[in-house]
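okay, here's the prediction I keep looking at, along with the sequence it came from:
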Amino acid sequence: MTARNRRLPRHRSWPLTRADLGEGLGGCLSRVTDLRFLEGDDSGTIVLGAEWIAPAPTSYGRGVHPDMVGFRVDVHPVATADRAATRVILRERALPRLRAWIAGADEATETWLLTPHRRLWRLVDGRLVCEDDTDG
């Protein structure tokens with residue numbers, strides 16, 4: 001995304017580009033139904049997020065549109081000064097794990113597929129930490 005089109009403060013940058021994600025995820029990128037480059041000033045220590053959007057019951061208007069079922073990936077902004085180092089860590093460590101997580105959905109049980117899941121990568125003191133969370 002060009003600087004003129006971005007909506008981040010000058011001191012914030014996204015650590016990954018769409019090209020980085022395409023290279024790191026390969027064919028799994030086609031399973032991502034929602035790719036977001038988040039805006040705002042502070043996401044804390046979160047640098048990358050991914051979520052499995054499960055189909056929800058369609059009763060009472062609470063259903064999930066079929067086009068949205070799949071994976072959502074959120075790239076969180078970081079301090080511009082930390083962008084290059086964060087990018088290297090995410091490309092080397094987070095993207096291969098994300099790719100394996102997405103590919104694993106092909107062999108997942110029906111129970112897993114019907115349950116929302118979330119995975120967050122945090123950068124804490126230069127160390128990448130992955131957290132898994134299952135809703136419901």
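Right, received. Where do you want to start? Numbering: from 1, shown residues only.

just the strands in this structure please.
Along the chain, counting by DSSP state E, strands occupy 12-13, 32-37, 46-53, 70-75, 78-79, 117-124, 127-134.

now the weakest link among the ones you listed, please, by mean pLDDT.
Ranked on mean pLDDT, the bottom entry among the strands of the chain is strand 127-134, at a mean of 85.

isn't Glu51 up against Gly70?
No: because the distance of 9.7 Å does not satisfy CB atoms under 8 Å, Glu51 is recorded as not touching Gly70. C-beta here means a position set from N, CA and C on the backbone, and glycine is covered the same way.

and of the strands of the chain, who's closest to Leu98?
Among the strands of the chain, strand 46-53 comes nearest to Leu98, with 5.7 Å by CB to CB.

let me see the contact set for the nearest residue to Asp67 once chain neighbours are set aside.
Among residues not flanking Asp67 along the chain, Thr33 sits closest, at 6.6 Å (CB to CB, 6 or more residues apart in numbering). Applying CB atoms under 8 Å, 6 or more residues apart in numbering to Thr33 gives the contacts Ile53, Asp67, Met68, Val69, Gly70, Phe71, Arg72.

now these: which count as buried?
Among those, those classed as buried by 16 or more other CB atoms under 10 Å are Ile53, Gly70, Phe71, Arg72.

surely the third one meets Ile53?
This points to Phe71. Yes: applying CB under 8 Å, one finds Phe71 in contact with Ile53, separated by 7.2 Å.

between these two, what contacts are shared?
Shared contacts of Phe71 and Ile53, defined by CB under 8 Å, 6+ apart, comprise Thr33, Asp34.

same list (the strands of the chain) but as JSON lines, adding distance to Arg91.
JSON lines is the format used below for the strands of the chain (distance: least, CB to CB, whole Å):
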{"stretch": "strand 12-13", "distance to Arg91": "15"}
{"stretch": "strand 32-37", "distance to Arg91": "16"}
{"stretch": "strand 46-53", "distance to Arg91": "11"}
{"stretch": "strand 70-75", "distance to Arg91": "12"}
{"stretch": "strand 78-79", "distance to Arg91": "14"}
{"stretch": "strand 117-124", "distance to Arg91": "12"}
{"stretch": "strand 127-134", "distance to Arg91": "11"}
